[in-house]
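Engineer: sequence and predicted model, in that order:
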Amino acid sequence: SGIVKTIITCSDMVLLATSYWLAFAITHGLDLAYILPLPLKIKIIIGALAIIPAAYIAPPLFMKRIIYGDTIIGRTIYMVALQTLFTLSIMSFIHPVNLSQTDIPLGACIFFAFLSIERMVCYHILKRSRSKGRNLRYVVLAGSPIALMNIYQTLSNHSLPRI
């Protein structure tokens, strides 16, 4: 799971860079975006670094066994909000940030859309993998037979809530 978390964090950084680049291209034009000017590079680097503490505070929930789509989206909103606040805070220390700039908020919106899709796809891939017998967790149950039978039936029920 540590490898999966590292891959997801790296994927998040790529999605963020793509989101910020798209936002910059929309607000400043494709010609300027292709050049990758220094302000865009700074925003991308700072934004990517801001993912690390944001992902630590709000890690993805799709690795849990039973979770609903609204919970994944809520956590994604929280993660993007933290990442954006961290980015703006760090940038304000480097040089004053004009909060009226539209490329950072637009980049955050695009990042949210990309991240939501990524989280849902990863959740469904893990769910399918688990239904085929991979990525299982083994447990030992102890207690009264009636209670254990109920727990066993709940855990082995393949019709548990899905997104």
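Structural biologist: Yes, it's here. Numbering: from 1, shown residues only.
Engineer: buried sites along the helix or strand of the chain with the lowest mean pLDDT?
Structural biologist: When the helices and strands of the chain are scored by mean pLDDT, DSSP states H and E, helix 145-156 comes last with a mean of 77. By neighbour count on 16 or more other CB atoms under 10 Å, the buried set for helix 145-156 is empty. The way it works is simple: take the backbone N, C-alpha and C, and place the C-beta from them, glycine included.
Engineer: and the contacts of that helix?
Structural biologist: With contact meaning CB atoms under 8 Å, 6 or more residues apart in numbering, helix 145-156 is reached by 139, 141-143, 160.
Engineer: which one is the residue most central in space within the chain nearest to, not counting chain neighbours?
Structural biologist: Geometric centre of the chain, nearest residue: Leu115, 4.9 Å, by CA atoms, centre = their mean. Spatially, and ignoring its direct neighbours in sequence, Leu115 is nearest to Thr76 (5.2 Å; CB to CB, 6 or more residues apart in numbering).
Engineer: tell me who's in contact with that neighbour.
Structural biologist: Thr76 sits next to 60, 112, 115-116, 119 when contact means CB under 8 Å, 6+ apart.
Engineer: farthest pair in these?
Structural biologist: Farthest pair in those (CB to CB) is Pro60 and Phe112. Separation: 13.5 Å.
Engineer: got the buried residues for the helix or strand harbouring Lys5?
Structural biologist: Taking DSSP states H and E as the criterion, Lys5 maps to helix 2-28. Neighbour counts over helix 2-28 (16+ other CB under 10 Å) mark 8-9, 12-13, 15-17, 19-25 as buried.
Engineer: list the buried ones in the helix or strand where Cys109 lies?
Structural biologist: Assigned by DSSP H and E, Cys109 belongs to helix 103-131. Neighbour-count burial for helix 103-131 flags 103-104, 106-108, 110-112, 114-116, 118-120, 122-123, 126-127 (criterion: 16+ other CB under 10 Å).
Engineer: so what's the closest residue to Ile90 other than its chain neighbours up against?
Structural biologist: Among residues not flanking Ile90 along the chain, Ile46 sits closest, at 5.0 Å (CB to CB, 6+ apart). Taking CB under 8 Å, 6+ apart, we find Ile46 in contact with 87, 90-91, 94.
Engineer: cool, Ile73 as well?
Structural biologist: Ser116.
Engineer: and the helix or strand containing it with helix 2-28, angle?
Structural biologist: Using DSSP H and E, Ile73 sits within helix 69-94. Interaxial angle, helix 69-94 versus helix 2-28 (axes from the mean of the first three to the mean of the last three CA atoms, to 10 degrees): 70 degrees.
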